[in-house]
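Trainee: turn this into a model:
(one chain, ligands or ions: 2)
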Amino acid sequence: MQFVSTRGQAPALSFSDAVLAGLAADGGLYVPKSWPQLTPADIADFAGKPYAEVAYAIISRFTGDEIAGATLRSIIDRAYAEFRHPSVAPLVELEPNHFLLEMFHGPTLAFKDVAMQFLSRIMDHILGERGLKASIVGATSGDTGSAAIEAFRGRDTTDIFILHPRGRTSEVQRRQMTTVLDSNVHNIALEGTFDDCQDAVKAMFNHHAFRDHVRLSGVNSINWGRIVAQIVYYFTAAVSLGAPHRVINFTVPTGNFGDIFAGYCAKRMGLPIGQLVIATNANDILRRTLETGRYEMSGVAPTISPSMDIQISSNFERLLFEAVDRDADVVGRLMATLKQSRGFDLPEQALDAIRREFAAGTTDEAKTRRTIAETYRRGGYLLDPHTAVGVGVAREFAGTATPMVTLATAHPAKFPAAVAEASGVEPALPAWLGDLYERPERVTVLANDQQIIEDFIGSRTRAA
Ligand SMILES: Cc1ncc(COP(=O)(O)O)c(C=O)c1O
Ligand SMILES: N[C@@H](CCOP(=O)(O)O)C(=O)O
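Mentor: Ligands and ions are numbered 1, 2, ... in the order given. Next up is the predicted model:
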């Protein structure tokens, strides 16, 4: 299987090379050259199978014979053995025909663990085979960073550099990152927003001399290795609700568009998904885009769902590529316009194509708090604020004969202050994180200056 860049100017790569590259050399994102197809019989066969077995069946369609079957299976088995729930991502019925897909049973209590536990092991394997070391970079609004640090800590093949926006994560998220003291882990608190962190990471990838010198690789969902692992839970969830014999809808709390794009991939591979509903918080650029046809940046407001305080939704570029029938020149032009004028108009046919697959809604701050409070009052279920954004939107779309699954992307204990204020209940951290507030922290504060950031990474990496 080959992977092509959404901007068409970078060479097509194998799975392993695309995973190590992260971002394509032309600034685009890698997507598979064609979508592997599963028949209804293939999908039906997943019923009752362990998560790791389904993961192997899906992921191996992208790795082909590049990674030996037994090696891939062992990587996947080890990745999902880290989860505290035997189903990895269990379904819970919240109200009639509306289900939560709990994705927070991994080591750092957010859905990022599902992909990151796989990505760290597959990267370690690829680098080990080639006798290489790499510098891993990532931008985080809190969850990607903690999951990546936990997954890559102590690995000999990689040094990991995570940029978070100073003061804009929850305290639990920050401590989950800064209290990991392994020597290959480097936390950078950037004076800026998440978008500034993400811009800095993309600029490093586009600075080719630096990229090659430190052998840069990425762990954000720009990396295809993240998306491929996120496709799996759409299959497991849909199958346990009756797919392929039944259509299922999904609502996804959305920021960088990676999670919901994985749902789109599952649909392209043959899973009968009806609606894919984008749920945004007050930073609602994606809902506005679907409504107006114009992708327009307007500044980021801090919210109680900080991991979604984003306006440059990286993976929207992958969807755009599909929506313009894979015309990389059009994507390149639209992305250049975005950079120059902080917005672009979607071609009409692309907007129509997107509207056929996606719907969108927003849960603002007041409604997020109300959703947490009411859901707890009604049935005793404590939602984290990101999941509450999803549930708030899903309730506008649920209530048909088609089951609705809302992705529960984080555990409420990652956001105790916001959850306690809304519900009156302080969610407790699990035992293994019980002493998080007593652990010493290590973090470097850096100005939002590309040279300073690259100097810091260049001076600490073992890959140069
Ligand atoms: C808890 C949580 N929910 C939702 C999201 C949004 O997911 P995505 O960026 O894949 O759209 C994030 C961040 O990515 C998150 O950390
Ligand atoms: N919400 C994310 C932002 C980065 O998203 P990613 O999925 O592209 O890594 C976070 O928690 O850091």
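
Trainee: going by C-alpha atoms from here, please, whenever you check contacts or count neighbours.
Mentor: Will do.

Trainee: assess the claim that residue 21 and residue 216 are in contact.
Mentor: Yes - with contact defined as C-alpha atoms under 8 Å, residue 21 reaches residue 216; the gap is 7.5 Å.

Trainee: between the two, which is the more surrounded one?
Mentor: residue 216 (27 against 22; other C-alpha atoms under 10 Å).

Trainee: what helix or strand does the residue nearest to that one when sequence neighbours are not counted sit in?
Mentor: Setting aside the residues directly before and after it, residue 216 is nearest to residue 135 in space (C-alpha to C-alpha, 6 or more residues apart in numbering), at 4.9 Å. Using DSSP states H and E, the element containing residue 135 is strand 134-139.

Trainee: contacts for that strand?
Mentor: The contact list for strand 134-139 (C-alpha atoms under 8 Å, 6 or more residues apart in numbering) reads 127, 144-145, 157-164, 194, 197-198, 201, 214-220, 461-463.

Trainee: near ligand 2, from the residues you listed?
Mentor: Contacts with ligand 2 within the contacts of strand 134-139, counted by C-alpha under 6 Å from any ligand atom: 144, 145, 220.

Trainee: now, which of the contacts of strand 134-139 lie within helices?
Mentor: 127, 144, 145, 194, 197, 198, 201 (DSSP state H).

Trainee: tally of neighbours for the last one?
Mentor: Residues within reach of residue 201, counting by other C-alpha under 10 Å, total 25.

Trainee: return the residues in contact with it.
Mentor: Residue 201 touches 137, 138, 139, counting by C-alpha under 8 Å, 6+ apart.

Trainee: quick check: buried residues in the strand holding residue 135?
Mentor: Of the residues in strand 134-139, 134, 135, 136, 137, 138, 139 count as buried by neighbour count, 16 or more other C-alpha atoms under 10 Å.

Trainee: ditto for stretch 276-289
Mentor: In stretch 276-289, counting by 16+ other C-alpha under 10 Å, buried: 276-289.

Trainee: give me the mean pLDDT for that stretch.
Mentor: Averaging pLDDT along stretch 276-289 yields 97.

Trainee: ok, now stretch 434-445?
Mentor: For stretch 434-445, mean pLDDT rounds to 97.

Trainee: for stretch 110-119, same thing?
Mentor: Mean predicted confidence for stretch 110-119 is 98.

Trainee: find the closest residue to ligand 1 in the stretch 101-250 of the chain.
Mentor: residue 143 (4.6 Å; C-alpha to the nearest ligand atom).

Trainee: ok, now which ones touch that residue?
Mentor: 108, 110, 112, 173, 307.

Trainee: so which of those residues are also by ligand 2?
Mentor: residue 307.

Trainee: show me which of the contacts of residue 143 are buried.
Mentor: Buried among the contacts of residue 143 (16+ other C-alpha under 10 Å): 108, 110, 112, 173, 307.

Trainee: and which of those residues is nearest ligand 2?
Mentor: Nearest to ligand 2 among those, with distances taken as C-alpha to the nearest ligand atom, is residue 307, at 3.9 Å.

Trainee: so is stretch 362-371 next to ligand 1?
Mentor: No - shown here: stretch 362-371 not in contact with ligand 1 (C-alpha under 6 Å from any ligand atom), separated by at least 13.0 Å.

Trainee: what does that stretch rub up against?
Mentor: 279-282, 284, 287, 303-304, 385, 388-393, 419, 422-423.

Trainee: switch to 10 Å and redo it
Mentor: 253, 278-288, 303-305, 373, 376-377, 382-395, 418-423 (C-alpha atoms under 10 Å, 6 or more residues apart in numbering).

Trainee: in helices, which of these appear?
Mentor: Those of these lying in helices (DSSP H): 285-288, 373, 376-377, 385-395, 418-423.

Trainee: quick one: buried ones out of those?
Mentor: 285-288, 373, 376, 385-394, 418-420, 422-423.

Trainee: and ligand 1, which of those residues contact it?
Mentor: residue 386.

Trainee: who in this structure is up against ligand 2?
Mentor: Checking the chain against ligand 2 by C-alpha under 6 Å from any ligand atom, the hits are 140, 141, 142, 143, 144, 145, 220, 221, 256, 258, 307, 308.

Trainee: thinking again about what came up before, tell me the two of the contacts of residue 143 that are most distant?
Mentor: The most widely separated members of the contacts of residue 143, counting by C-alpha to C-alpha, are 108 and 307 (13.9 Å).

Trainee: which residues do those two both contact?
Mentor: 143, 144, 173, 410.

Trainee: my read: the second one touches residue 117, true?
Mentor: No - under the contact definition of C-alpha atoms under 10 Å, residue 144 does not touch residue 117, with a separation of 11.4 Å.

Trainee: what residues does the stretch 351-464 of the chain put near ligand 1?
Mentor: Residues of the stretch 351-464 of the chain lying near ligand 1 (C-alpha under 6 Å from any ligand atom): 386, 409, 410.

Trainee: next one, pLDDT for the last one please.
Mentor: Model confidence at residue 410, expressed as pLDDT, equals 98.

Trainee: so it bridges to which residues?
Mentor: Note on residue 410: beta-bridge partners residue 110, judged by DSSP bridges.

Trainee: what's the local residue count around it?
Mentor: Counted with other C-alpha under 10 Å, residue 410 comes out at 25.

Trainee: can I get stretch 129-148 in CSV? Just the C-alpha atoms.
Mentor: The C-alpha coordinates for stretch 129-148 follow below in CSV (Å, rounded to 0.1, in the frame of the first residue of the first chain):
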residue,chain,number,x,y,z
GLU,A,129,14.8,-2.4,12.3
ARG,A,130,16.6,0.5,10.5
GLY,A,131,19.0,1.1,13.4
LEU,A,132,17.8,4.8,13.7
LYS,A,133,16.8,7.2,16.3
ALA,A,134,14.2,10.0,15.8
SER,A,135,13.1,13.2,17.4
ILE,A,136,9.4,13.1,17.9
VAL,A,137,7.5,16.4,18.2
GLY,A,138,3.9,17.0,19.0
ALA,A,139,1.6,20.0,19.7
THR,A,140,-1.0,19.4,22.4
SER,A,141,-3.9,21.1,24.0
GLY,A,142,-3.4,18.5,26.7
ASP,A,143,-4.4,15.0,25.7
THR,A,144,-2.2,14.2,22.8
GLY,A,145,0.8,15.3,24.8
SER,A,146,0.1,13.2,27.9
ALA,A,147,-0.8,10.1,25.8
ALA,A,148,2.4,10.5,23.7
